[in-house]
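1. mind looking at a prediction? Sequence and model below.
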Amino acid sequence: MAGADRLSAARQALAAAEDAASAYGLAPGRPGAPGTGVGDADGEPDPQAVARKIVLRQLAMGPRTRSQLADKLRDKGCDPQVASRVLDRMSEVGLVDDEAYAEMYVRSKQETKGLAAGALRQELRKKGVADEVVDSALEDIDPEHEKEQARALTERRLRTMRGLDREVQTRRLAGFLARKGYSSGVSYQVIQEALSDLPENHRD
């Protein structure tokens, strides 16, 4: 599913969650009303409703991993057990889905940033995605497609390096591709091919 479609689906699920959540004591309502999960008889905020509001606000700004949401709830002082219950509920309605997030992230960053599997793995781990979920999201990456992607990136970057010594070009391109997550083997091959194709490197 494309990023825009997934975002639209997430918004629809968010609306559905709002409608269905009252059955789980999570929906907003009249303070102190039974079953609303907003306030108790003394008008005190219900921790579960507060946590839910924090999560929904985060998701309204964009997709988040469960770990990212858990970190936000912890930063806001939410009880860990309350946070876990709220996140479990959000997972049930499909608003928190690390597998879908990882798949969307991989497609998006491949297309917009040209990231290779190495960088994508590192970024997803930073966001708290489990290794098995990361592995699943990366397993469909085609090595040949990744190599073509590296070639395209190298050719574009080379346009800004005309006139530089070949050794300097090689070093800068290698660093550039490494930051994108490409292996040294792929980087060496595409860099040498690109440099050899430059007119100034053609022998008479």
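-> That came through fine. Residues are numbered from 1 along each chain as shown.
2. just read off the phi/psi values of residue 191.
-> When read as degrees, to the nearest 10, the backbone of residue 191 gives phi -70, psi -50.
3. contacts only, for it.
-> The contact partners of residue 191, taken as C-beta atoms under 8 Å, 6 or more residues apart in numbering, are 154, 170, 173, 174, 177. Yep, even glycine has a C-beta here, placed from its N, CA and C like the rest.
4. spatially central residue in the protein, please.
-> Note on the chain: the residue nearest the mean C-alpha position is residue 105, at 4.2 Å, using C-alpha atoms, centre = their mean.
5. skipping its backbone neighbours, what lies nearest that one in space?
-> Leaving aside its chain neighbours, residue 105 sits nearest to residue 124 (6.4 Å; criterion: C-beta to C-beta, 6 or more residues apart in numbering).
6. okay but the one you found is in contact with residue 136, surely?
-> No - using C-beta atoms under 8 Å, residue 124 is not in contact with residue 136; the gap is 10.7 Å.
7. with neighbour numbers in mind, choose between these two.
-> Remark: of residue 124 and residue 136, residue 124 carries more neighbours, 24 against 13, as counted by other C-beta atoms under 10 Å.
8. hang on, the earlier thing: distance of the residue nearest to residue 105 from residue 141?
-> When C-beta to C-beta, to the nearest Å is the yardstick, residue 124 and residue 141 sit 13 Å from each other.
9. who touches both of the two?
-> Both residue 124 and residue 141 are in contact with residue 106, where contact means C-beta under 8 Å, 6+ apart.
10. shared neighbours of residue 124 and residue 136, anything?
-> With contacts defined as C-beta under 8 Å, 6+ apart, the residues adjacent to both residue 124 and residue 136 are residue 102.
11. hang on, residue 128 in a strand?
-> No - counting by DSSP: H, G, I helix; E, B strand; the rest coil, residue 128 is located in no strand; its state is coil.
12. tally of neighbours for the residue lying closest to it once chain neighbours are set aside?
-> The spatial neighbour of residue 128 that comes closest, neighbours along the chain excluded (C-beta to C-beta, 6+ apart), is residue 67 at 2.2 Å. The tally of other residues near residue 67 (other C-beta under 10 Å) stands at 16.
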